[in-house]
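Novice: coords please:
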Amino acid sequence: MRINGVDTELLAQATNMRQRAESLRTQADGLGELLGATYRRRASELELEAFVAELQSGLPYERVHSPAA
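Specialist: You can find the predicted model right below:
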């Protein structure tokens with residue numbers, strides 16, 4: 001569904017990916033070095049996917065969240 005030229009389904013997916021990434025980063029702090037690094041890597045992947053989904057959704061660029069560095 002599009003509202004004001006923005007694909008709301010893609011935007012919802014991006015929000016879910018960002019929330020999952022945040023959860024993984026929080027969990028990573030309590031894990032061992034190797035597993036923690038794996039969780040943080042997956043969180044970074046999800047943030048990048050969310051960034052792309054926001055761009056594809058038609059959201060104005062100034063409102064798109066930048067992926068973590």
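
Novice: just the CA trace of stretch 55-65, in PDB.
Specialist: Taking Å, rounded to 0.1, in the frame of the first residue of the first chain, the C-alpha atoms of stretch 55-65 are listed here in PDB:
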ATOM      1  CA  LEU A  55      15.200   4.000   0.100                       C
ATOM      2  CA  GLN A  56      13.100   1.600  -2.100                       C
ATOM      3  CA  SER A  57       9.900   2.600  -0.200                       C
ATOM      4  CA  GLY A  58      10.000   6.100  -1.600                       C
ATOM      5  CA  LEU A  59      10.600   7.700   1.800                       C
ATOM      6  CA  PRO A  60      12.200  11.200   1.400                       C
ATOM      7  CA  TYR A  61      16.000  10.800   1.700                       C
ATOM      8  CA  GLU A  62      16.300  13.200   4.600                       C
ATOM      9  CA  ARG A  63      14.000  10.900   6.600                       C
ATOM     10  CA  VAL A  64      16.000   7.700   5.800                       C
ATOM     11  CA  HIS A  65      18.000   6.300   8.700                       C
END
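
Novice: for that stretch, what does the pLDDT average out to?
Specialist: What stretch 55-65 shows for mean pLDDT is 83.

Novice: repeat for stretch 26-33
Specialist: 93.

Novice: can you list contacts of that stretch?
Specialist: With CB atoms under 8 Å, 6 or more residues apart in numbering as the test, stretch 26-33 has contacts from Leu35, Gly36, Ala37, Tyr39, Arg40, Ala43. Yep, even glycine has a C-beta here, placed from its N, CA and C like the rest.
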